[in-house]
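**Student:** build me a model from this:
(one chain, ligands or ions: 1)
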Amino acid sequence: MDDEKRKKFLAEVERARKERQNRPKVEPKWPYELYGVECGKGWKDLYQPVLDYVTEYNKDKDDENKIEVHQVKEKFGGLRIYLSKYTPEIRKMIDEAEEKSYNTCEICGKHIKKPIVENHWIYPMCRNCFRKDEERKDEVLKQFENKIKKMKESFEDSKDKSSEGSEA
Ligand SMILES: [Zn+2]
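**Tutor:** This is a model prediction of the structure:
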């Protein structure tokens, strides 16, 4: 590169760098921000104290020292709470909540001996809620199948019409 070209090149790099700096930062959103709590209400007594603790903790902190809730969900039959950082106290609270969740129905909060395992899936539910959940899933599946059937029918209809059209 000759000097002129190099100067132009460096100016271009500098311009791009400045542009990048000035661009407003778009923070990626965490699931909690988007979806809130992603587990059943039966676990409310387990996760709510943690969320309350975070609210209390954040009260007198400026933005960079606040604890951010990233996700509250069910995984492998247990409650998971992910935060941007953990104090020893909150770590303990979360561990205990997870421990208890394996013996708590995620839907109604009733005590259970252990989660139900079926087809390699773990359902932290009591028998009653599990059965209702299965019925609900069957219902959703039926509705879905009906929808597909109707779509197929209307597709066949339109095919009939267009073939009638081409015959004429
Ligand atoms: Zn239940």
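**Student:** what residue ranges in the protein score low on pLDDT?
**Tutor:** When residues are selected by pLDDT under 70, those of the chain lie in 1, 24-27, 162-168.
**Student:** ok, the residue nearest in space to the middle of it - contacts?
**Tutor:** Most central in the chain under CA atoms, centre = their mean is Pro31, positioned 4.8 Å from the mean C-alpha point. If you count contacts by CB atoms under 8 Å, 6 or more residues apart in numbering, Pro31 has them with 38, 70-71, 73. Using the backbone N, CA and C atoms, a C-beta is placed for each residue, glycine as well.
**Student:** show me the contacts for Lys85.
**Tutor:** Shown in contact with Lys85 (CB under 8 Å, 6+ apart): Ile67.
**Student:** can you confirm it is in a helix?
**Tutor:** No. Counting by DSSP: H, G, I helix; E, B strand; the rest coil, Lys85 is not found in a helix; it is coil.
**Student:** from the ion, how far out is it?
**Tutor:** 33 Å (CB to the ion, to the nearest Å).
**Student:** same question for Lys41.
**Tutor:** Taking CB to the ion, one finds Lys41 at 10 Å from the ion.
**Student:** about what we covered before: pick out the most distant pair among the contacts of Pro31.
**Tutor:** Glu38 and His70 (11.3 Å; CB to CB).
**Student:** and the protein, which residues reach the ion?
**Tutor:** Proximity of the chain to the ion, by CB under 5 Å from the ion, involves residues 105, 107-108, 110, 126, 129.
**Student:** which among the residues you listed end up buried?
**Tutor:** Using 16 or more other CB atoms under 10 Å as the burial test, those include 105, 107, 126, 129 as buried.
**Student:** could you look up the SS state of Pro42?
**Tutor:** Actually, residue 42 is Gly. It isn't Pro. helix.
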